[in-house]
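Undergrad: What follows is a predicted protein model with its sequence.
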Amino acid sequence: MIVQQLNQIQSHYGYLPRENLVALAERLAVPLYRIEEVVSFFPHYRKTPPPQLEVHVCRDMSCHLRGSASLISDLEANLASEITAGRASVCGVSCLGRCDRAPAVRIHSHAAGKHDGSHEPLSYLGRRNDEVVAVAKALASGKEPVVQPDQDADLPDRSPAWKINAYAGKPREERYQAVKRVIEAIRRGPAMGDAERDRIIQSALKNAVLLGMGGAGGQAFKKWCEVREAVGQRKYVVCNADESEPGTFKDRELLLRTPYLVVEGVLLAGIVLGATQGYIYIRHEYEECIAAVREEIAWAQAQRFAGEDILGSGVDMTVEAFVSPGGYICGEQTALIGAIEDKRAEPRNRPPELQTNGLWDMPTLVNNVETLAWAPAIVLLGETQSSAAPPATRATCRAIEKAAPDTDKSWYGGQGRPFDELATMILGSDADWQRRHGAATRFPGMRMFSISGDLNRPGVYEIENGITVGELIDLAGGIRGGKKLKAMALSGPSGGFTPAVLPRAIWPRKLQRLLPETIKQVELLGLQMHINYFRVWDLMLGAGIVVYSEDADLVEQALACQRFYSSESCGKCVPCRIGSTKFTEIAADLAGRRLKRSDIAALSGESSVITDLAFTMANTAICGLGTVAPNPLSSLLKHFPTDVERYVSS
Ligand code: SF4
């Protein structure tokens, strides 16, 4: 309750007046320090009245590439007197999830003395500097801004063509068929209900090889199994929609275009696992998604697909949207659980895992938006509901895991293979590797990617796993201005920058041994898009991809990425807190031309501040941020010496 109440107070007043915090503490019967510990953690909250005008400009990857630094300078120069007088502020902020329309700007206009929530922030996306400056100046002087029509306001809605969208083109009343199906089985008796639950986990999710889409890429059925088997007075399902990784915005499109898939995915998981409460945890900057999800939940409840006694079956599963108070770290699953529990969103060590000790210490399934959104389609488009007599005993996790996948019946994918087998299969044989290289034949399933940067049509694309990187770039309209590819960030900033050509010297040793000597280099554009295939190449493949043309300045990009990590580190682990700041300082020194060639040589060596810090952070970090934070600068120094050279003095 604390977080949601604070959100309401801040939305109403524009800040958190002390008397309201005291009143909240009394109302909730908690000490004031409990409120303060939450307030002080989230940068979204403020305890003093805001200036009349707040301009937030995204300074991360794609926005930086599209000139957000110069936009911030222009705004500061044009609003200088208002800023000095305390009537306006301009600040660079972390990714706003609008990388397809960079640069992204949010303007909060609080009329003087009237912090009554009547001024929701307005977004200005993909605008020229002079347009944004004109709007900001008008608002700062209390005038209505004259805004040019937004040519791209209606980005193409690709959802009718998505295979994830099992209800494309169908009337609203025909949705929630996967929920109906499992509820029908439950109505036929407990044994049939259990058999259907097993079938969904085993025959649908396992056979389909649905992978977690949040980054780690584990098989989704395992988490479902573990929560189903776990013992607890209550169970929960949490949909992680706190999409804050720079370059990633696919969940935004799913929530906005197909909220019914996400809501049904949460309901389905809850009914299958025996949970009674679900949360869709959405970042506060996605206002339109929050509205779409809330409207969908209300409709589903009115139709009795959600809430108490679903379709008269006696099964309860309530869903609600939880608005995140912000911060990249909230996307870390244990931190997210902390935020829902009204605590500081600091990650915690695992085990115990959330599947047994999650929300309020109860068994909890945390899945990404896309993972849950695939579940209804996989259940509906796969095999039909079993009408055979149920087995005498319920399937255990162990039995489901050991059972051979029945790939013929999988609609979504199938033929999932363990990593070693995959590596050997792809690379082990093979004189004909080059012939196969790029052939989209070996990877099951589909996945959605957000792709932005130097592209003609940045956006969200649903692709079949196994198409090549080049084919995805073609789908996105190719590289702007017909330029050549220089590099890609294949997992936002987390994976660092990967060069367009991978020379043999930087391949993992295993590949150097396996692939014929005649192959001297590999084109990034020819690699097949699948998380496990990329792991073979020692590359991370996330949901957010940023493309850099030959003109891109990767030193500036590295600085933007390092700044992101140092400002988003929660500070709980000392090496991450200090190390991420140190990386930003080094990147700033490089971008500021304060480093000499000898400094770079020392930084790039086998044993340097960078490698030592990266090693320490990786071995002490509680969460993934501390592990990946060194990657932008490390990859810049490793793969792009020419870019670095332009910034150093002798
Ligand atoms: Fe926080 Fe960094 Fe530790 Fe993660 S690794 S818990 S972000 S300090």
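TA: That came through fine.
Undergrad: okay, now the domains of this structure?
TA: Here the domain parsing of the chain from automatic domain parsing is 2-154, 159-166+174-406, 415-552, 553-650.
Undergrad: Give me the three-state assignment for the residue in the stretch 251-400 of the chain that the ligand sits nearest to.
TA: Nearest to the ligand, among the residues of the stretch 251-400 of the chain, is residue 347, at 4.1 Å (Cβ to the nearest ligand atom). Just so you know, the C-beta spots here come from the backbone N, C-alpha and C atoms, and that holds for glycine as well. Per DSSP: H, G, I helix; E, B strand; the rest coil, the local secondary structure of residue 347 is coil.
Undergrad: Can we start the residue count at 602 from this point?
TA: Sounds good: first residue 602 from here, last item residue 948.
Undergrad: and it, what pLDDT?
TA: Residue 948 carries a pLDDT value of 95.
Undergrad: go on, residue 754?
TA: So residue 754 comes in at 67 (pLDDT).
Undergrad: Buried ones in stretch 921-930, by neighbour count?
TA: 922, 923, 924, 925, 926, 927, 928, 929, 930 (16 or more other Cβ atoms under 10 Å).
Undergrad: rewinding a little: which residue sits closest to the residue of the stretch 852-1001 of the chain closest to the ligand, ignoring its sequence neighbours?
TA: Ranked by Cβ to Cβ, 6 or more residues apart in numbering and with sequence neighbours excluded, the top spatial neighbour of residue 948 is residue 1224, at 3.8 Å.
Undergrad: My guess is that neighbour contacts residue 937. True?
TA: No - counting by Cβ atoms under 8 Å, residue 1224 does not reach residue 937; the two are 11.1 Å apart.
Undergrad: what sits against the closest residue to the ligand within the stretch 602-751 of the chain?
TA: At 11.2 Å from the ligand, residue 642 is the closest residue in the stretch 602-751 of the chain, using Cβ to the nearest ligand atom. Residues in contact with residue 642 (Cβ atoms under 8 Å, 6 or more residues apart in numbering) are 928, 945, 946, 947, 1171.
Undergrad: run the last query once more with 7 Å
TA: Contacts of residue 642 were listed using Cβ atoms under 7 Å, 6 or more residues apart in numbering, and they are 945, 946.
Undergrad: Would you double-check that it falls in a strand?
TA: No - per three-state DSSP, residue 642 lies outside any strand segment and is coil.
Undergrad: what's the burial count for the nearest residue to residue 1055 once chain neighbours are set aside?
TA: Leaving out its chain neighbours, the residue that sits closest to residue 1055 by Cβ to Cβ, 6+ apart is residue 1150, at 3.9 Å. For residue 1150, the count of nearby residues is 19 (other Cβ atoms under 10 Å).
Undergrad: quick one: buried residues of the helix or strand that contains residue 794?
TA: Element membership for residue 794, per DSSP states H and E: helix 791-800. For helix 791-800, the neighbour count (16+ other Cβ under 10 Å) marks 793, 794, 795, 796, 797, 798, 799, 800 as buried.
Undergrad: so which of the buried residues of stretch 921-930 also contact the ligand?
TA: residue 930 (Cβ under 6 Å from any ligand atom).
Undergrad: Regarding residue 927, what is its secondary structure?
TA: Under three-state DSSP, residue 927 falls in the coil class.
Undergrad: Could you tell me which residues make contact with the nearest residue to it once chain neighbours are set aside?
TA: Distances taken as Cβ to Cβ, 6+ apart place residue 645 nearest to residue 927, at 3.9 Å, with adjacent residues excluded. Residues in contact with residue 645 (Cβ under 7 Å, 6+ apart) are 885, 926, 927.
Undergrad: Just the endpoints, please. Distance across stretch 1147-1156?
TA: Its first and final residues considered, stretch 1147-1156 spans 15 Å by Cα to Cα, to the nearest Å.
Undergrad: can you give me the helices for the stretch 1052-1201 of the chain?
TA: Using DSSP state H, counting those that start in this stretch, the helices found in the stretch 1052-1201 of the chain span residues 1070-1076, 1110-1115, 1132-1137, 1155-1169, 1175-1192, 1198-1205.
Undergrad: Any idea which of these gets closest to residue 976?
TA: helix 1132-1137 (18.5 Å; Cβ to Cβ).
Undergrad: so where's the stretch 952-1101 of the chain uncertain?
TA: 984-993, 1005-1044 (pLDDT under 70).
Undergrad: can you map out the strands along it?
TA: 965-969, 1047-1054, 1060-1065, 1086-1094, 1099-1100 (DSSP state E, counting those that start in this stretch).
Undergrad: Rebuild the ones you listed as CSV, extending it with distance to residue 817 and mean neighbour count.
TA: Shown next, in CSV, are those (distance: least, Cβ to Cβ, whole Å; neighbours: other Cβ atoms under 10 Å):
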stretch, distance to residue 817, mean neighbour count
strand 965-969, 10, 27
strand 1047-1054, 14, 25
strand 1060-1065, 20, 20
strand 1086-1094, 11, 26
strand 1099-1100, 19, 22
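Undergrad: Could you pull up the residues touching the residue nearest to residue 1055?
TA: 1055, 1080, 1081, 1084, 1085, 1086, 1087.
Undergrad: Export those residues as TSV, with columns for distance to residue 1143.
TA: Shown next, in TSV, are those (distance: Cβ to Cβ, whole Å):
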residue	distance to residue 1143
1055	18
1080	20
1081	22
1084	24
1085	24
1086	18
1087	19
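Undergrad: closest to residue 1045 among those?
TA: Using Cβ to Cβ, the contacts of residue 1150 come closest to residue 1045 at residue 1086, 27.4 Å.
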